[in-house]
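Here is my input, please return the structure:
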Amino acid sequence: MTDFEVDDEVVTVAGLRKSYGDRVVVDGLDLAVRTGEIVGLIGANGAGKTTTVECIQGLRRPDAGTLRVFGMDPMTQGVRVRRLLGSQLQDASLPDRLRVAEAVDLFDEARFGDGADLLEEFGLAARRRSPFAALSGGERQRLFLVLALLNRPRLVILDELTQGLDPAGRRDVWAAVQRLRRSGRSVLLVTHELQEAQVLCDRVIVMGAGRVLDVGTPTELVARHGGHITIRFSLPDSNPAPSSLDQVQGVHEVIVDRATITINGDRECIVHVGAALAAQGLFPADLTVDSPDLEQAVLRMLVDAEPVAGDLVVTTC
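Sure, this is the predicted structure:
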């Protein structure tokens with residue numbers, strides 16, 4: 001299933017299957033999370049993402065398949081697994097009147113005494129006496145990260161961490177997640193925010209109808225599924241059209257419409273087209289490059305994997 005050593009795997013899932021009545025939610029799923037990486041789990045509504053992470057945490061019993069977290073079965077060794085795991089679930093909340101410091105004290109089961117340092121690290125030290133209801137959306141999500149980290153977990157599971165946050169709050173939380181990676185922790189991130197996955201994740205697992213459609217770095221997925229890049233520019237009427245651009249490495253198509261030239265091709269053609277234009281003494285001031293991103297790649301994967309494509313909820317930032 002993977003090309004790295006088993007000892008490097010924090011989470012190993014093979015052949016996971018889970019049904020609710022006649023509805024199969026997860027169907028023969030394989031995935032792995034390595035030490036010290038952020039792995040994104042993305043896909044359509046109902047693709048089985050949340051059920052998958054609940055099985056990994058031992059919150060739901062799978063119908064079939066093998067799950068190992070740090071080499072342990074989360075169903076039969078759940079207490080030991082949960083000591084190494086911190087999580088923030090999609091619908092997490094706290095009582096409105098509970099103060100930040102009280103929440104930290106309540107969740108600090110291992111009594112490592114890291115609460116004050118974590119509040120400082122995540123910019124919440126000045127809010128220790130503030131009730132939960134008084135926190136902004138970004139502050140609440142950073143508090144949930146603090147609570148997930150209190151017991152020094154080696155794996156952190158985050159489910160729709162930035163849902164509903166404004167751009168500033170979202171970026172605050174992104175910075176906090178990046179600090180988790182720098183600390184050596186592994187993160188499994190369930191998200192609909194495709195820009196979030198592109199910014200944060202070392203690898204992305206795309207799910208559709210309970211199955212893995214593809215796995216790779218954001219760059220690899222875009223290269224495989226995102227389609228061509230488009231270069232567009234115009235030239236004054238006095239300039240002749242550049243010659244032989246259709247022969248440039250990586251170019252698939254050249255379209256000339258009056259003074260506007262559109263080039264479709266592989267990502268590598270950006271450099272080669274620029275060099276070809278410069279060699280002909282052409283330096284168009286309005287040259288633009290439209291490059292595919294993870295959103296386009298995922299949409300194409302889901303369209304190819306009908307019928308789940310129509311259920312996708314895509315949020316961009």
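
Can you show me the strands along the protein?
Along the chain, the segments classed as strands by DSSP state E run 9-20, 23-34, 38-43, 64-69, 85-88, 155-159, 186-190, 203-208, 211-216, 229-234, 251-257, 260-265, 288-290.

out of the ones you listed, nearest to Leu98?
Among the strands of the chain, the nearest to Leu98 by Cβ to Cβ is strand 85-88 (16.1 Å). For the C-beta atoms, the positions are set from N, CA and C on the backbone; glycine is no exception.

What strands flank the closest one, and is each parallel or antiparallel?
Its sheet considered, strand 85-88 pairs with strand 155-159 (parallel) by DSSP bridges.

Check the offset of the partner strand from the chain's centre.
What separates the centre of strand 155-159 from the centre of its chain is 12 Å, taken as Cα atoms, centre = their mean, to the nearest Å.

Show me the contact partners of that strand.
10-11, 33, 50, 53, 56-57, 69-70, 84-90, 145, 148-149, 177, 180, 185-191 (Cβ atoms under 8 Å, 6 or more residues apart in numbering).

Can you say which of the strands of the chain is nearest to Thr76?
Smallest distance to Thr76 across the strands of the chain (Cβ to Cβ): 10.4 Å, for strand 64-69.

Now for Leu143: which residues touch it?
Leu143 makes contact with 94, 100, 103, 122, 124, 132, 135, according to Cβ under 8 Å, 6+ apart.

Show me the shaky parts of the stretch 201-317 of the chain.
Scanning the stretch 201-317 of the chain for pLDDT under 70 picks out the ranges 238-241, 306-317.

Helices of that one, residue ranges please.
Here the stretch 201-317 of the chain has its helices, by DSSP state H, counting those that start in this stretch, at 218-225, 269-279, 294-304.

other SSEs contacting the shortest one?
The one in question is helix 218-225. In this structure, helix 218-225 packs against strand 203-208, strand 211-216, helix 294-304, with contacts taken as 3 or more Cβ pairs under 8 Å, 6 or more residues apart in numbering; DSSP states H and E.

looking at these, which is buried most?
With neighbours defined as mean count of other Cβ atoms under 10 Å, the helices and strands packed on helix 218-225 peak in mean count at strand 203-208, which reaches a mean of 25.

Give me the angle between that one and strand 211-216.
Relative orientation of strand 203-208 versus strand 211-216 (axes from the mean of the first three to the mean of the last three Cα atoms, to 10 degrees): 160 degrees.

pull the CA atoms of strand 203-208 into CSV?
C-alpha atoms of strand 203-208 as CSV (Å, rounded to 0.1, in the frame of the first residue of the first chain):
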residue,chain,number,x,y,z
ARG,A,203,-0.2,14.8,1.0
VAL,A,204,-3.9,14.8,0.1
ILE,A,205,-6.2,11.8,0.0
VAL,A,206,-9.2,12.4,-2.2
MET,A,207,-12.3,10.3,-1.4
GLY,A,208,-15.5,9.7,-3.4
